[in-house]
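In: heads up, no residue letters with this:
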């Protein structure tokens, strides 16, 4: 197994793929205890990385604002709530 890349350099897709791989390894239950703990810790770091990347992406999403005449008048921040 190659050494994992630092999480802050991974794309969201690469981090998610590695996280899915870790889940599969842990679900099989074949890893020794020490390796399982290391995998869990790596998975937790990847989960936090993915959440941060999603939050940053959400903050960058903008919605088109329309004026009273129905024409686009600019953009407003995305409001998920």
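Out: Here it is on my side, so go on. The structure displayed is predicted, hence computed values, not measured ones.

In: any idea which element the spatially closest residue to residue 47 that is not a sequence neighbour lies in?
Out: Closest residue in space to residue 47, ignoring its immediate chain neighbours: residue 19 at 6.3 Å, by C-beta to C-beta, 6 or more residues apart in numbering. Every C-beta, even on glycine, is put in place using the N, C-alpha and C of the backbone. Element membership for residue 19, per DSSP states H and E: helix 12-28.

In: Next one: residue 30 from residue 39, what distance?
Out: Plainly put, residue 30 is 11 Å away from residue 39 if you go by C-beta to C-beta, to the nearest Å.

In: now residue 9
Out: 20 Å.

In: go on, residue 52?
Out: 20 Å.

In: Just want the most central residue of this structure.
Out: Nearest to the mean C-alpha position of the chain, by C-alpha atoms, centre = their mean, lies residue 50 at 1.9 Å.

In: so what's the residue of the chain positioned farthest from its centre up against?
Out: Here the centre of the chain is the reference, and by C-alpha atoms, centre = their mean the most remote residue is residue 69, at 38.9 Å. Applying C-beta atoms under 8 Å, 6 or more residues apart in numbering to residue 69 gives no contacts.

In: if I look at the residue nearest to residue 47, how far off is residue 72?
Out: Distance from residue 19 to residue 72, by C-beta to C-beta: 38 Å.

In: Okay, now the unreliable bits of this structure?
Out: 1-8, 62, 64, 78-81 (pLDDT under 70).

In: That one: strands as residue ranges?
Out: 62-66, 72-77 (DSSP state E).

In: The residue nearest to residue 47 touches residue 50, doesn't it?
Out: Yes. Look at residue 19 against residue 50 with C-beta atoms under 8 Å: they come within range, at 6.8 Å.

In: tell me the phi and psi of the residue farthest from the centre of the chain?
Out: phi -80, psi 0 (degrees, to the nearest 10).

In: remind me, longest helix of this structure?
Out: The longest helix of the chain (DSSP state H) is helix 33-60.

In: now the strands of the chain in JSON lines, with mean neighbour count and distance to residue 24?
Out: Output for the strands of the chain, formatted as JSON lines (neighbours: other C-beta atoms under 10 Å; distance: least, C-beta to C-beta, whole Å):
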{"stretch": "strand 62-66", "mean neighbour count": "10", "distance to residue 24": "37"}
{"stretch": "strand 72-77", "mean neighbour count": "10", "distance to residue 24": "37"}
